[in-house]
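**Student:** Generate a structure from the sequence data that follows.
(one chain, ligands or ions: 1)
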Amino acid sequence: MSRTVALGPLPTSPAPLPSPSPFHRSRLSRRSFLAGVGVSLVATGPLSGCTLYGQPQQPSPQGPPTQPRPSAGALALASAIPIGGGEVFDGPQVVVTQPTQGSFKAFTAVCTHQGCLVGSVTDTINCPCHGSRFSIADGSVVAGPALAPLAARKITVAHGQIVLG
Ligand code: FES
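**Tutor:** Coordinates of the predicted model:
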């Protein structure tokens, strides 16, 4: 139950305002109270359901799920090389392809045109500098201006790991 206190006119007020009736004060106070409760419910209702939104999740007791990773010395997991495509590895300057499932190839990633690193592999190995494209199966030129194929690189695939050499 709310309780209201009637305040008299302020001393600095030039003309005292008429004092509202007790009924009016009580009704005004109840209205204010109900309006405040309504605002509170509207404001806290949706927010209470969203209190965890945007906050970092607590780590699970088992820790985050582990993703398979290439072992030390391996270039990549075989499963990371898309079938019918490939991946470019800038560090060792090699591109690994998988033209057909389970068949892996590797080539130098240095374009034979003017020495740029190839940038992507779609259904061809693509050089971003002047648009040369090379076969993912044998490194041969599919589209110039390059004239010479990408040189093959030796890789070994064992236990799902691709190792250069
Ligand atoms: S360097 Fe690759 S197309 Fe020119």
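**Student:** just checking, next helix/strand downstream of the least confident helix or strand in the chain by mean pLDDT?
**Tutor:** Ranked by mean pLDDT, DSSP states H and E, the weakest helix or strand in the chain is helix 22-49, scoring a mean of 46. Going down the chain from helix 22-49, the next helix or strand is strand 76-77, by DSSP states H and E.
**Student:** What is that next one packed up against?
**Tutor:** strand 161-164 (3 or more C-beta pairs under 8 Å, 6 or more residues apart in numbering; DSSP states H and E). All C-beta spots, glycine's among them, are computed from the backbone N, C-alpha and C.
**Student:** same for the strand it packs on, what does it pack against?
**Tutor:** Judged by 3+ C-beta pairs under 8 Å, 6+ apart, the packing partners of strand 161-164 are strand 76-77, strand 103-108, strand 155-158.
**Student:** would JSON lines of these with mean neighbour count and mean pLDDT be doable?
**Tutor:** Putting the helices and strands packed on strand 161-164 into JSON lines (neighbours: other C-beta atoms under 10 Å; pLDDT from 0 to 100) gives the following:
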{"stretch": "strand 76-77", "mean neighbour count": "18", "mean pLDDT": "94"}
{"stretch": "strand 103-108", "mean neighbour count": "20", "mean pLDDT": "97"}
{"stretch": "strand 155-158", "mean neighbour count": "15", "mean pLDDT": "94"}
